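Visitor: Sharing a model that was predicted from the sequence below.
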Amino acid sequence: MLSLALFGVRPYKIIQQALGDNIIAIGDYFGTRALFYDKNADYDKIYKMLMEEQQQIQDKQTLLREMLFKSRNIVKESTVTGRTLLIIFTESIDLFEKASATFYNYEAMHKRFDDSGILSDFQRMIYVIVDELHQIGLAVQSGRPPRATRKLNNELKLLQTRYEEFANKYRNPETFDSLVNMRKLLQSVEEITLRIYTLHHYTRYDRKKIKEYKLSGNYEHFVTKTDLDIEILKENFSLKSNSFRHAIRVTLACILGYGVANLLELQYSYWVLLTIIVILKPTYSVTRQRNYQRLIGTFVGAVGGLALLYLIPTQNGKFAAMIF
């Protein structure tokens with residue numbers, strides 16, 4: 001009842017949370033791309049990190065597509081909030097696709113221009129972009145516009161000036177291809193900056209601007225159809241099916257966890273089941289990662305809690321620390 005009541009009062013909140021999380025993840029992706037500009041960049045390691053982050057972002061976008069485009073409340077409504085969330089999502093997709101589709105010959109640029117300092121200037125600009133995306137993501141989650149800042153624009157102007165000085169100094173037949181590559185990189189940064197300001201603008205939920213934005217009337221291409229077929233059901237009732245094997249694993253783990261919790265007479269035994277469901281995933285690597293995160297989080301929390309109990313003697317002090 002509480003969940004339904006909250007959804008009735010704030011129907012967009014869960015979408016805002018997921019959409020903000022997606023934008024923050026895109027910011028982290030840009031942060032990883034910035035590592036290419038380090039002098040001793042480990043390209044194989046960076047590419048592996050990018051592939052993992054790209055998969056995570058695509059998973060988040062798939063979830064958002066399900067939430068946005070399969071919900072008639074969002075797609076068919078003409079409210080400012082609903083339309084704004086759709087616009088921010090489509091703009092964030094364009095931003096991510098623009099970033100993920102462009103790669104440059106970083107090794108060649110390092111080889112020719114490492115000592116010029118221009119690559120460090122580009123890296124600093126990208127980190128400013130990361131900060132801006134994090135601010136936008138938090139603003140979307142809170143439902144309030146981010147604090148206005150001119151840092152992004154100032155950094156872009158500084159980079160443009162620095163590039164012109166750099167190009168005039170290093171322009172010769174031997175560096176022509178590398179300079180063209182660098183120019184494309186600057187143009188990409190300029191376009192990304194413009195898109196970030198667009199996202200900033202739409203987080204203000206400006207009624208007039210939202211109505212001017214032309215949204216597509218057909219959203220079927222945004223989601224994958226799920227055909228209900230008895231043959232698909234039959235195919236999945238087999239040990240050859242990953243979904244079926246995962247379902248068995250979760251079932252057995254929950255039964256075992258429930259049995260152990262009852263045997264030990266744990267006071268909050270539902271946490272055992274909740275932990276199993278949260279951690280156990282179809283792929284082993286994700287399960288291992290979540291298990292590791294859960295163990296580290298539990299250890300840090302236990303140590304922190306014991307430290308507070310030891311350092312704060314009064315009940316009021318403990319209560320204040322707990323609230324904080």
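Guide: Cool, got the structure. None of the values given here were measured: they were computed from a predicted structure.
Visitor: can you pull out the helices in the stretch 51-200 of the chain?
Guide: With DSSP state H, counting those that start in this stretch as the definition, the stretch 51-200 of the chain shows helices at residue ranges 72-75, 80-100, 106-113, 118-142, 151-170, 176-202.
Visitor: And these: which comes nearest residue 64?
Guide: Residue 64 lies closest to helix 80-100 among the helices of the stretch 51-200 of the chain, at 5.9 Å (C-beta to C-beta). C-beta: built from backbone N, CA, C; applies to glycine.
Visitor: quick one: contacts for the residue lying closest to residue 246 once chain neighbours are set aside?
Guide: Sequence neighbours aside, residue 282 is the residue nearest to residue 246 in space, at 4.4 Å (criterion: C-beta to C-beta, 6 or more residues apart in numbering). Residue 282 makes contact with 242-243, 246, according to C-beta atoms under 8 Å, 6 or more residues apart in numbering.
Visitor: go again using 10 Å as the cut-off
Guide: Residue 282 is in contact with 242-243, 245-247, 249-250, counting by C-beta atoms under 10 Å, 6 or more residues apart in numbering.
Visitor: Take those residues and keep only those in helices.
Guide: Among the contacts of residue 282, the members found in helices (DSSP state H) are 242-243, 245-247, 249-250.
Visitor: of the residues you listed, closest to residue 112?
Guide: Closest to residue 112, out of all of the ones in helices among the contacts of residue 282 and judged by C-beta to C-beta, is residue 242, at 47.8 Å.
Visitor: Just give the number of residues close to that closest one.
Guide: 11 (other C-beta atoms under 10 Å).
Visitor: Spatially nearest residue to it (excluding sequence neighbours)?
Guide: Residue 242's closest residue in space is residue 282 (C-beta to C-beta, 6+ apart), at 5.9 Å.
Visitor: now the host helix or strand of residue 19 and helix 106-113, what's the angle there?
Guide: According to DSSP states H and E, residue 19 maps onto helix 13-33. Counting by axes from the mean of the first three to the mean of the last three C-alpha atoms, to 10 degrees, helix 13-33 lies at 50 degrees to helix 106-113.
Visitor: Now helix 13-33: buried residues?
Guide: Buried residues in helix 13-33, counting neighbours by 16 or more other C-beta atoms under 10 Å, are found at 15-16, 18-33.
Visitor: One more: stretch 236-256?
Guide: Result for stretch 236-256 [16+ other C-beta under 10 Å]: buried residues residue 253.
Visitor: Need the CA coordinates for that stretch. PDB is fine.
Guide: Extracted C-alpha coordinates of stretch 236-256, given in PDB (Å, rounded to 0.1, in the frame of the first residue of the first chain):
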ATOM      1  CA  ASN A 236      13.000 -22.900 -21.900                       C
ATOM      2  CA  PHE A 237      11.900 -26.000 -19.900                       C
ATOM      3  CA  SER A 238      15.200 -27.600 -20.600                       C
ATOM      4  CA  LEU A 239      18.600 -27.700 -19.000                       C
ATOM      5  CA  LYS A 240      20.000 -26.300 -22.300                       C
ATOM      6  CA  SER A 241      18.200 -23.000 -21.500                       C
ATOM      7  CA  ASN A 242      20.300 -20.500 -19.500                       C
ATOM      8  CA  SER A 243      17.200 -19.000 -18.100                       C
ATOM      9  CA  PHE A 244      16.000 -22.400 -16.800                       C
ATOM     10  CA  ARG A 245      19.400 -23.200 -15.200                       C
ATOM     11  CA  HIS A 246      19.500 -19.800 -13.600                       C
ATOM     12  CA  ALA A 247      16.000 -20.300 -12.200                       C
ATOM     13  CA  ILE A 248      17.000 -23.700 -10.700                       C
ATOM     14  CA  ARG A 249      20.100 -22.100  -9.100                       C
ATOM     15  CA  VAL A 250      18.100 -19.300  -7.500                       C
ATOM     16  CA  THR A 251      15.500 -21.700  -6.300                       C
ATOM     17  CA  LEU A 252      17.900 -24.100  -4.700                       C
ATOM     18  CA  ALA A 253      20.000 -21.300  -3.200                       C
ATOM     19  CA  CYS A 254      16.900 -19.700  -1.700                       C
ATOM     20  CA  ILE A 255      15.600 -23.000  -0.200                       C
ATOM     21  CA  LEU A 256      19.100 -23.600   1.300                       C
END
